[in-house]
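> Predicted model, plus sequence, below.
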Amino acid sequence: QVQLVESGGGAAQPGESLRLSCAVSGGPAKTDTWTWFRQAPGKEREFVASAWRINIIHYADSVKGRFTVSRDDAKNMMYLQMNDLKAEDTAVYYCAIREGYGRERESFLYDHWGQGTQVTIGP
């Protein structure tokens, strides 16, 4: 059974950095699309960034230039380096994986999800 476990969330001040990790176990050694989503209180889940197995990266406009997504297929790990954090980045962050490419922003297409990790930016 595929399991995804996020870690690295926490509290930070505006302008600081955090690094999230997602560990994947129990599934195929390589999955085509690995993605980070987030959900803020009272808002819908939104796409953050994705890393395709064929080395193509996509970012939401709101995080472009500040966040960096990466994956290590050998370790079954995905990362999200978040720099210059802002209050509006406060959310629960989820990693998700699926087979296939394209439409990476559509959360309903993902087969497997982690439980989420809370990121809180501000005083």
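Cool, the structure landed. Numbers count the residues shown, from 1 in each chain.
> which stretches of this protein form strands?
3-7, 10-12, 18-25, 33-39, 46-52, 57-59, 67-72, 77-82, 91-98, 112-113, 117-121 (DSSP state E).
> mind checking which of these is nearest Arg105?
Minimum separation from Arg105 across the strands of the chain (Cβ to Cβ) falls at strand 46-52, 4.0 Å. C-beta here means a position set from N, CA and C on the backbone, and glycine is covered the same way.
> From the contact counts, what lies against the closest one?
strand 33-39, strand 57-59, strand 67-72, strand 77-82 (3 or more Cβ pairs under 8 Å, 6 or more residues apart in numbering; DSSP states H and E).
> run the last query once more with 6 Å
Secondary-structure packing of strand 46-52 (3 or more Cβ pairs under 6 Å, 6 or more residues apart in numbering; DSSP states H and E): strand 33-39, strand 57-59, strand 67-72.
> Buried deepest among the ones you listed, which one?
Highest mean neighbour count of the helices and strands packed on strand 46-52: strand 33-39, a mean of 24 (counted as mean count of other Cβ atoms under 10 Å).
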